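Novice: quick one, what's the 3D model for this:
(2 chains)
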Number of protein chains: 2
Amino acid sequence: MTRSELEAQIQAKKSVLCVGLDTDIEKIPAHFKQLEDPIFEFNKAIIDATHQYAVAYKPNLAFYEAEGLKGWQSLEKTLQYLNQNYPELFTIADAKRGDIGNTSARYAKAFFEELNFDSITVAPYMGSDSVKPFLGYPGKWVILLALTSNPGGGDFQLKSLSEGNQLYQEVLGQSSQWASEEELMYVVGATKAEYLKEIRKWVPNHYLLVPGVGAQGGTVSEVMEHGKASSSAGLLINSSRGIIYASQAEDFADAAASEAAKLQAEMARFL
Amino acid sequence: MTRSELEAQIQAKKSVLCVGLDTDIEKIPAHFKQLEDPIFEFNKAIIDATHQYAVAYKPNLAFYEAEGLKGWQSLEKTLQYLNQNYPELFTIADAKRGDIGNTSARYAKAFFEELNFDSITVAPYMGSDSVKPFLGYPGKWVILLALTSNPGGGDFQLKSLSEGNQLYQEVLGQSSQWASEEELMYVVGATKAEYLKEIRKWVPNHYLLVPGVGAQGGTVSEVMEHGKASSSAGLLINSSRGIIYASQAEDFADAAASEAAKLQAEMARFL
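Specialist: Numbers count the residues shown, from 1 in each chain, chains lettered A, B, ... in the order given. Next comes the predicted model:
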């Protein structure tokens, strides 16, 4: 999906909502467990209930890999369902891959060709070869980890370099030379809303994927206010558990829709 | 596998060889392609031909994920084959995962429980929460990226921090506080043999997994000379393409065995 297609969908729906499909077989309503593929059926129900409020869906790969072969199958079916029924939605493989060139090229094949995701999250530690093999697929994106909101996020990312900047700023500075804002986004943790202004100095116009709204803390309005790009929305704000587990009873789909609608309404004020 | 079991195998075989199973369906001998599971059958032949010279096997996950569901199946079968036929061998999931706590916990389940690997490679960018969920599984290991030998490895890893050390040194320093040398190893690129002495100042006794011997350059004797731990071998030296594609003809297994034997003989001089 191109940047202008994504932006058009955002403006049409007045939403930058990304729904995180961190689907945990232990947490989905009990009646799914009798079905042949509980994880896929749950995802399908969540997607059907929330797609009008959301522009993107982000399966968290760990939750699928933890189920082995069956989990990989659920992931494939979820992607097929999204691509066939809602081709306008942006899809993110939250995989946080990061490897050397020939290995990264394999991951690009896995996620962009085999599974037909629009984008993949990538970790920067191994440098430019971790990113470049994912580029050059028309309409496909790398979403590079910059500043994350987890408790250990600061262990290395906030370290000051001898040149005066911090590691996450160095990541933004260097990587924004490797790829254009038509193919590179950044993961930026929402609980660091105070950092959003600083980040916009480094990458004024790249899209930012902001996890950590909801269960991980951080407010939508803070992010919308400080995180927007200079010439577009430039944001995707993710909520996972806050939406998909809004209720764990029979009414889970309605509850998910109502949480998604609430977030979308907050976003609309800024779009 | 515990540290003392690994060390005992190393001393018995006079080898620290790890065979990287970067199995690429395009590169394996043509006759495999008629079989139902070419990747597994090739791995099986390589393992049977080389196990007497090697102490560890390291499937590179990207090569399996690139084949989708079928690839995941080949990986499961490869692990089962190793665990059933050669339980003395140390197994490494070269996955380079790195995520927040609850997600990393899922990956631990996927690789340590579902697939029964002995260890997994992990990336440090997201800090301690990327590592800690993998700890506490008896006999299981985290292998943390420290200094990698790929061209972009220096983009961030070699950056000087304001405290005077370099980023990879900070990673070694902090992470060696999170886990003991009974459950944490490091990935250290062999083409940086000049760095091995420096690394041993930071982690005198942890095991190091050294890729980059063979196709990626770097010599075994340099690594053995400068990389050994203070009180044990403390090394696993990986070769992937140099062994598994030593020949792409019918004699591939003999060629792989002979390459593995050559490396083992070099290692034996130092053990």
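Novice: mind checking the SS state of the residue lying closest to A:Y207 once chain neighbours are set aside?
Specialist: Excluding the flanking residues, the one nearest A:Y207 by CB to CB, 6 or more residues apart in numbering or on different chains is A:M185, at 4.0 Å. C-betas here are computed from N, CA, C, even on glycine. Put simply, A:M185 is strand when judged by DSSP: H, G, I helix; E, B strand; the rest coil.
Novice: quickly list what A:M185 is bridged to.
Specialist: Beta-bridge partners of A:M185, counted by DSSP bridges, are A:I143.
Novice: that one and A:W141 touch, don't they?
Specialist: Yes: here A:M185 reaches A:W141: they are 5.9 Å apart, a contact under CB atoms under 8 Å.
Novice: now for the residue nearest to A:Y207: which residues touch it?
Specialist: The neighbours of A:M185, taking CB atoms under 8 Å, 6 or more residues apart in numbering or on different chains as the test, are A:S119, A:W141, A:V142, A:I143, A:L144, A:H206, A:Y207, A:L208, A:L209, A:L236.
Novice: now swap in A:Q248 and tell me
Specialist: By CB under 8 Å, 6+ apart, the contact list for A:Q248 reads A:K27, A:I28, A:P29.
Novice: mutual contacts of A:M185 and A:W141, please.
Specialist: With CB under 8 Å, 6+ apart, A:M185 and A:W141 have common neighbours A:S119.
Novice: quick one, what contacts the residue in chain A sticking out farthest from the centre?
Specialist: Distance from the C-alpha centroid of chain A, by CA atoms, centre = their mean, peaks at A:S162 (31.8 Å). Neighbour list for A:S162: B:K159, B:S160, B:L161, B:S162, B:G164 [criterion: CB under 8 Å, 6+ apart].
Novice: mind checking how far it is from A:E198?
Specialist: Distance of A:S162 to A:E198, computed by CB to CB, to the nearest Å: 19 Å.
Novice: buried set for stretch A:94-114?
Specialist: Neighbour counts using 16 or more other CB atoms under 10 Å in any protein chain shown place A:94-112, A:114 of stretch A:94-114 among the buried residues.
Novice: actually stretch A:147-160, not the one I wrote
Specialist: Across stretch A:147-160, burial judged by 16+ other CB under 10 Å covers A:L147, A:T148, A:S149, A:N150, A:G152, A:G153, A:G154, A:D155, A:F156, A:Q157, A:K159.
Novice: now do whichever helix or strand A:Q80 is part of, average pLDDT.
Specialist: Secondary structure assigned from DSSP states H and E places A:Q80 in helix A:68-85. Mean per-residue pLDDT for helix A:68-85: 96.
Novice: nearest spatial neighbour of the residue of the stretch 1-150 of chain A found nearest chain B, skipping sequence neighbours?
Specialist: Using CB to the nearest CB, the single residue of the stretch 1-150 of chain A nearest to chain B is A:G127, 2.7 Å away. Spatially, and ignoring its direct neighbours in sequence, A:G127 is nearest to B:G152 (2.7 Å; CB to CB, 6+ apart).
Novice: which elements pack onto the helix holding A:Q80?
Specialist: Judged by 3 or more CB pairs under 8 Å, 6 or more residues apart in numbering or on different chains; DSSP states H and E, helix A:68-85 is in contact with helix A:38-50, strand A:56-59, helix A:61-65, strand A:90-97, helix B:68-85.
Novice: the residue of the stretch 151-271 of chain A found nearest chain B: what's it in contact with?
Specialist: Chain B sits closest to A:G152 of the stretch 151-271 of chain A, with a gap of 2.7 Å, by CB to the nearest CB. By CB under 8 Å, 6+ apart, the residues touching A:G152 are B:M126, B:G127, B:S128, B:D129, B:S130.
Novice: buried sites along stretch A:252-271?
Specialist: A:252-253, A:255-260, A:262-264, A:266-267, A:270.
Novice: report the distance from it to the chain centre.
Specialist: On the basis of CA atoms, centre = their mean, to the nearest Å, stretch A:252-271 sits 17 Å off its chain's mean C-alpha point.
Novice: stretch A:26-43 too?
Specialist: Counting by CA atoms, centre = their mean, stretch A:26-43 comes out at 23 Å from the chain centroid.
Novice: what does stretch A:72-84 give?
Specialist: So, by CA atoms, centre = their mean, the centroid of stretch A:72-84 is 16 Å from its chain's centroid.
Novice: same deal with stretch A:145-155?
Specialist: Taking CA atoms, centre = their mean, one finds the center of stretch A:145-155 at 15 Å from the center of the full chain.
Novice: okay, how far is it across that stretch, tip to tip?
Specialist: Using CA to CA, to the nearest Å, the end-to-end distance of stretch A:145-155 comes out at 14 Å.
Novice: same question, stretch A:93-108
Specialist: End to end - CA to CA - stretch A:93-108 spans 11 Å.
Novice: is chain B contacted by it?
Specialist: Yes: contact of stretch A:93-108 with chain B (CB under 8 Å from any CB of the partner chain) involves A:K96, A:R97, A:G98, A:D99, A:I100, A:G101, A:T103, A:S104, A:R106, A:Y107.
Novice: which among the contacts of A:Q248 gets closest to B:L89?
Specialist: Checking these against B:L89 by CB to CB gives A:K27 as the nearest, at 36.4 Å.
Novice: can you list the residues of the stretch 151-271 of chain A near chain B?
Specialist: Going by CB under 8 Å from any CB, the residues of the stretch 151-271 of chain A near chain B are A:151-157, A:159-164, A:167, A:170-171, A:174.
Novice: what about these, which are in strands?
Specialist: Judged by DSSP state E, strands contain none of those.
Novice: list the buried residues in stretch A:193-213.
Specialist: So stretch A:193-213, judged by 16+ other CB under 10 Å, has buried residues A:193, A:195-196, A:199-200, A:202-203, A:206-213.
Novice: likewise for stretch A:3-11?
Specialist: Counting neighbours by 16+ other CB under 10 Å, stretch A:3-11 gives A:R3, A:L6, A:E7, A:Q9, A:I10 as buried.
Novice: same question for stretch A:121-139.
Specialist: In terms of neighbour count (16+ other CB under 10 Å), stretch A:121-139 has its buried residues at A:121-134, A:137.
Novice: nearest residue to A:M224 other than its sequence neighbours?
Specialist: A:F270 (3.8 Å).
Novice: so the one you found, which of the three states?
Specialist: Relying on three-state DSSP, one would call A:F270 coil.
Novice: surely it meets A:K228?
Specialist: Yes: counting by CB under 8 Å, A:K228 is a contact partner of A:F270 at 7.0 Å.
Novice: before we move on, back to that, need the helices and strands packed on helix A:68-85 in a markdown table (columns: distance to B:Q34).
Specialist: What follows is the helices and strands packed on helix A:68-85, written out as a markdown table (distance: least, CB to CB, whole Å):
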| stretch | distance to B:Q34 |
| --- | --- |
| helix A:38-50 | 32 |
| strand A:56-59 | 34 |
| helix A:61-65 | 30 |
| strand A:90-97 | 32 |
| helix B:68-85 | 15 |
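Novice: quick one: which of those is nearest B:W178?
Specialist: strand A:90-97 (19.0 Å).
Novice: how far off centre is the closest one?
Specialist: With CA atoms, centre = their mean, you get 6 Å for strand A:90-97.
Novice: what angle do that strand and helix A:68-85 make?
Specialist: In terms of direction (axes from the mean of the first three to the mean of the last three CA atoms, to 10 degrees), strand A:90-97 departs from helix A:68-85 by 150 degrees.
Novice: list the helices and strands the very next helix or strand once past strand A:90-97 packs on?
Specialist: Sequence order places helix A:101-108 as the next helix or strand after strand A:90-97, per DSSP H and E. Secondary-structure packing of helix A:101-108 (3+ CB pairs under 8 Å, 6+ apart): strand A:90-97, strand A:119-122, helix B:61-65.
Novice: give me the contacts around the second one.
Specialist: When contacts are defined by CB under 8 Å, 6+ apart, strand A:119-122 is touched by residues A:90-98, A:104, A:107-108, A:111-112, A:130-131, A:134, A:140-145, A:185, A:187, A:209.
Novice: any idea of the mean pLDDT for it?
Specialist: The average pLDDT within strand A:119-122 is 98.
Novice: give the pairing partners of it; include direction for each.
Specialist: By DSSP bridges, strand A:119-122 pairs with strand A:90-97 (parallel), strand A:141-147 (parallel).
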